[in-house]
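# Pasting a predicted model and its sequence here:
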Amino acid sequence: MNPLTRANRTAPRLRDGRATKGAVAQIAKANDRLTAFERLEIYNRMYWFRVLDSLHEDCPGLRAALGERRFMRLAEAFLQKHPSKYWTLRDLPQRLATFIRAEPSWTAPHTDLCEDIARFEWAQVEVYDGAAFPVFTIDDLLDANPAKLRLNLQPYLQLLELRYPVDDFLIAIRKREALLRGDTSNAPTALRVRADVKVSRPRREPCRVAVHRHEGKIYFKRLEPAAFKILVAIRAGQPLDRALAAGIPRAQKPREDWAATVQGWFRTWMELGWFCRR
């Protein structure tokens, strides 16, 4: 887990300041070809490259926003500050957004964008294998009192308030990478050209997105501000009537217009299985 040097070799000293060769001599032996230090260096390099490769795979949006070289510098700095402490590489990027905010020099002048992308990419990891409970149905609403009814959102559902439309940005990157991975020689000329075009960074535009899964696939859904506030209030444990009051602005639309709009939202959310029994 010790970071490598700039030449991608084992560092002469460990994180705690001890000489690496002295520490290695206590746990490894030399053989007729390699010293103890050289033998352990093989595993040090293998592990370090593997965790870097894992971050590289998990963060296509950050790579596109920063470029490969800047992304690798960010990844190395992040791993030195937050080495893996988990049994699975799945959890490796969970503190990346916090690190970007705490040390903006690695991503400036695109720190806000990169933080949003890191949050969005981590949300997809949580959605992919997050827990799911039995779906809440219309029958569960029968004779319910809105003042007392508390709905529950599926644990895997992620609600993100973003400063940039990174959902569209990630979709464009995925389409481009799919073209690059595929046999573009057999693709139409227009598609081959599009695969070589760099995806531009998005302009600042606040948006609210739900990241969810349906039938085993991950989807992104834009939410209107009022819809987002209602869902956030529901997740916070507010009764249904208070959750609705938190989202619906007063005196901007006739009450009956809001009723039809909100009914449409709830119908869609229930069809997508966002509500659950707990």
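Alright, I've got the coordinates.
# residue contacts, residue 65?
By CB atoms under 8 Å, 6 or more residues apart in numbering, the residues touching residue 65 are 110, 113, 114, 117, 169, 201. (Glycine included, C-beta is placed from N, CA and C.)
# How about the fourth one, nearest residue that isn't a chain neighbour?
The shortest distance from residue 117 to any non-neighbouring residue, by CB to CB, 6 or more residues apart in numbering, is to residue 61 (4.1 Å).
# Just the CA atoms of the helix or strand hosting that neighbour, as CSV, please.
Element membership of residue 61, judged by DSSP states H and E, is helix 60-66. The C-alpha coordinates for helix 60-66 follow below in CSV (Å, rounded to 0.1, in the frame of the first residue of the first chain):
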residue,chain,number,x,y,z
PRO,A,60,-14.4,8.2,-16.8
GLY,A,61,-16.1,11.6,-16.2
LEU,A,62,-13.2,12.9,-14.2
ARG,A,63,-10.7,11.6,-16.7
ALA,A,64,-12.6,13.5,-19.5
ALA,A,65,-12.8,16.7,-17.5
LEU,A,66,-9.2,16.8,-16.4
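# For the remainder of this discussion, apply numbering that starts at 54.
In the new numbering, first residue 54, that becomes helix 113-119.
# Pull the number of nearby residues for the residue nearest to residue 170.
23 (other CB atoms under 10 Å).
# Distance check, residue 322 against residue 210.
Distance, residue 322 to residue 210, by CB to CB, to the nearest Å: 9 Å.
# what's the overlap in contacts for the two?
When CB under 8 Å, 6+ apart defines a contact, no residue borders residue 322 and residue 210 alike.
# what residues are up against residue 255?
Residue 255 sits in contact with 166, 217, 218, 219, 221, 222, where contact means CB under 8 Å, 6+ apart.
# same thing but at 6 Å, please
217, 218, 222 (CB atoms under 6 Å, 6 or more residues apart in numbering).
# now residue 301
279, 311.
# again with the one 10 residues further on
By CB under 6 Å, 6+ apart, the contact list for residue 311 reads residue 301.
# pLDDT at it, what is it?
At residue 311, the predicted lDDT confidence score is 82.
# now swap in residue 234 and tell me
At residue 234, pLDDT is 67.
# which of the contacts of residue 255 has the most neighbours?
Highest neighbour count within these: residue 217, with 23 neighbours (other CB under 10 Å).
# Help me confirm that it is found in a strand?
No - per DSSP: H, G, I helix; E, B strand; the rest coil, residue 217 lies outside any strand segment and is coil.
# So it versus residue 227, what's the distance?
Distance from residue 217 to residue 227, by CB to CB: 17 Å.
# And residue 101, by the same measure?
From residue 101 over to residue 227 the distance is 28 Å, taken as CB to CB.
# So for the two, which residue has more residues nearby?
Each of residue 101 and residue 227 has its neighbours counted (other CB under 10 Å); residue 101 has more, 19 against 13.
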